[in-house]
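Participant: Structure for this input, please:
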Amino acid sequence: MRVRPVPGISVRVDADGYLELVTRTPGRPDRRLRCPPTGTLMWITLRRCDGDIARAARQLAALWPTDPANARADLELWVEELRDAGVLRADPRPPPHRSSGPARPPV
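Facilitator: Have a look, this model is predicted:
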């Protein structure tokens, strides 16, 4: 699954590494969400992976020396919290095709 930020979101990281996400909807108060530095790392990794949760989880597992399944479970839980908060939504675009190298001609 892939996710992307909702349109119009503003993102800021403060000097202490806390992530602040603000969504603005006309006629409604701004919604603010503040995440600790672990959330900041997950946000940055997810954005660098173009919203691809599986790929981001693998990268986080390498950074945190943990089992990839544990990293993915933590990331998926966090993503669901952000989706419930209206900050992220499912990305309907298919994942980009990644090639492991040049195609070989049939034998």
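Participant: Only C-alpha atoms from now on, for both contacts and neighbour counts.
Facilitator: OK.
Participant: which other residues reach stretch 28-44?
Facilitator: Residues outside stretch 28-44 that contact it (C-alpha atoms under 8 Å, 6 or more residues apart in numbering): 13, 16-24, 56, 60, 75, 78, 85.
Participant: Kindly write the ChimeraX command that selects the buried subset of the residues you listed.
Facilitator: Buried subset of these, written as a ChimeraX selection, criterion 16 or more other C-alpha atoms under 10 Å:
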select :18,19,20,21,22,23,56,60,75
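Participant: Now the two most distant members of the contacts of stretch 28-44.
Facilitator: Arg24 and Leu60 (29.6 Å; C-alpha to C-alpha).
Participant: So Val11 belongs to a helix, correct?
Facilitator: No - judged by DSSP: H, G, I helix; E, B strand; the rest coil, Val11 forms no part of a helix; its state is strand.
Participant: Not counting sequence-adjacent ones, nearest residue to it?
Facilitator: Using C-alpha to C-alpha, 6 or more residues apart in numbering and skipping residues adjacent in sequence, the residue nearest Val11 is Leu21, 4.8 Å away.
Participant: tell me which element that neighbour falls in.
Facilitator: strand 19-23 (DSSP states H and E).
Participant: List the buried residues of the helix or strand following that strand.
Facilitator: Going down the chain from strand 19-23, the next helix or strand is strand 31-35, by DSSP H and E. By neighbour count on 16+ other C-alpha under 10 Å, the buried set for strand 31-35 is Cys35.
Participant: for stretch 65-83, same thing?
Facilitator: 68, 71-72, 75-76, 79, 82-83.
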